[in-house]
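Participant: Provide a 3D model corresponding to the input given below.
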Amino acid sequence: MLSRTADNLYWLSRYAERADFVARILDAAHRLAALPSSYGGRESNEWASALASTGDADEFKKHYDAVNEHTVCDFLAFSRHNPSSIRSCIETARENARSIRTALTTEMWDAINGAWLELRNYEGRDLTRDEFSHFLDWVKQVSLAFDGSAYRTMLRNDGYWFTRLGTAIERADNTARILDVKYQILLPASERIGGSLDYFQWTTILREVSAFNAYHWVYRESIKPLLVADLLILNRQMPRSLTNCLGMLVEHLDLIADSYGRRGESQRLASNLRAHLLGADIDRIFASGLHEFIEHFIGENNKLGAAISEQYLV
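Facilitator: Here you go, the predicted model:
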């Protein structure tokens, strides 16, 4: 496969996954903003947390003076200045898909091209809260349709493997950022960990990563921060957990290496990072610092993404 084709497949999947992530972050912010201002004595910081989760706060400040519902929703959903806005992600995904149209199945192309066409129905309008909520649900359905079409219609060859790499590395980064922001920004200093507001926030986060039912199936008890982190970091059965994402990366990098007859830095980094997660213990993670653990993971995940690009996509 040409490196250009592999690059387009990889980034097509990353941008489709990123659009879904931004939609989930905005949905969570809306749920938290709906709480009464007196609830738990909280200060309003859910919109700052949404920006922090996406890592786009610095770019936001170049174009907006205030952090509030209107400016954050506009920036993360529709802004052309934000390369990670939902609009930009869908447009960039569609451009990548168009460049390699013959490498995609009909169903994959229809999912992305149809999303790009329908996006025009939402752009440039002053959406009500209900309409915006419908828009976010639609974005999530677009990502599901694309991911499902790839899983159900692609040949299990290097093209499919590169789409899985893009999905897994983006998903791992997104899950890590959600967890980090929850402890660094979302919970006000006046609210104790384990309090009623903390419980509601963790519940919202679980719902936004489609893990609420999974949590109760696995642990069969009330929401506890340590167990939520355990589910999203170490549980191999959870599709969005860091360990599961690294398992996907190792598996598909090994398939590519076997097919091409050589291994490299990306295989080494993925195996080492997965071994680090498999050897981790959630009690030790909390004792040494959840933020420090996740910060290290994000850095290593970024190194892995750079290694994949240098080894296969340049």
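Participant: So for stretch 1-8, mean pLDDT?
Facilitator: Across stretch 1-8, the average pLDDT comes to 93.
Participant: So which bits of that stretch are buried?
Facilitator: Buried positions in stretch 1-8, judged by neighbour count with 16 or more other C-beta atoms under 10 Å: 1, 5-8. (C-beta placed from N, C-alpha, C; glycine too.)
Participant: mind pulling up the phi and psi values for the residue nearest the centre of the chain?
Facilitator: With distances taken as C-alpha atoms, centre = their mean, the chain has Asn174 as the residue nearest its mean C-alpha position (3.3 Å). Listed backbone geometry of Asn174 is phi -60, psi -50, with angles given as degrees, to the nearest 10.
Participant: In the stretch 151-300 of the chain, where is pLDDT below threshold?
Facilitator: Counting by pLDDT under 70, the stretch 151-300 of the chain shows low-confidence ranges at 182-198.
Participant: Give the buried residues for the helix or strand Gly299 falls within.
Facilitator: Using DSSP states H and E, Gly299 sits within helix 290-308. In terms of neighbour count (16+ other C-beta under 10 Å), helix 290-308 has its buried residues at 290, 293-294, 297-298, 300-301, 304-305, 307-308.
Participant: Any chance of TSV for the residues you listed, columns distance to Pro83?
Facilitator: As requested, the buried residues of helix 290-308 are arranged in TSV below (distance: C-beta to C-beta, whole Å):
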residue	distance to Pro83
Leu290	29
Phe293	28
Ile294	23
Phe297	23
Ile298	18
Glu300	23
Asn301	19
Leu304	21
Gly305	16
Ala307	22
Ile308	20
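Participant: What is the nearest of these to Gly124?
Facilitator: Out of the buried residues of helix 290-308, the one with the shortest distance to Gly124 is Gly305. That distance is 33.5 Å, counting by C-beta to C-beta.
Participant: Excluding chain neighbours, give the residue nearest to that closest one in space.
Facilitator: Taking C-beta to C-beta, 6 or more residues apart in numbering, and ignoring the residues beside it in sequence, Gly305 has Ile169 as its nearest neighbour in space, at 5.2 Å.
Participant: What helices and strands are in contact with the longest helix anywhere in the chain?
Facilitator: Looking across the chain with DSSP state H, the single longest helix is helix 3-33. In terms of contact count using 3 or more C-beta pairs under 8 Å, 6 or more residues apart in numbering; DSSP states H and E, helix 3-33 is assigned the packing partners helix 46-54, helix 69-77, helix 86-99, helix 129-153, helix 158-181, helix 196-208.
Participant: Figure out which of the ones you listed is closest to Leu242.
Facilitator: The closest of the helices and strands packed on helix 3-33 to Leu242 is helix 158-181. By C-beta to C-beta, the value is 5.5 Å.
Participant: elements contacting that closest one?
Facilitator: Short answer (3+ C-beta pairs under 8 Å, 6+ apart): helix 158-181 packs on helix 3-33, helix 46-54, helix 129-153, helix 225-233, helix 242-260, helix 290-308.
Participant: which SS state does Asn121 fall under?
Facilitator: coil (DSSP: H, G, I helix; E, B strand; the rest coil).
Participant: Tell me which of the helices and strands packed on helix 3-33 sits nearest to Leu12.
Facilitator: helix 86-99 (4.1 Å).
Participant: Tabulate the CA atom coordinates of the closest one in CSV.
Facilitator: Taking C-alpha atoms only, helix 86-99 is exported to CSV below (Å, rounded to 0.1, in the frame of the first residue of the first chain):
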residue,chain,number,x,y,z
ILE,A,86,-16.8,19.0,14.6
ARG,A,87,-17.3,20.8,11.3
SER,A,88,-13.5,20.8,10.6
CYS,A,89,-13.2,17.1,11.6
ILE,A,90,-16.1,16.0,9.2
GLU,A,91,-14.7,18.2,6.4
THR,A,92,-11.2,16.9,6.8
ALA,A,93,-12.4,13.3,7.1
ARG,A,94,-14.3,13.8,3.9
GLU,A,95,-11.3,15.2,2.1
ASN,A,96,-9.2,12.3,3.2
ALA,A,97,-11.9,9.9,2.0
ARG,A,98,-12.3,11.6,-1.3
SER,A,99,-8.5,11.3,-1.9
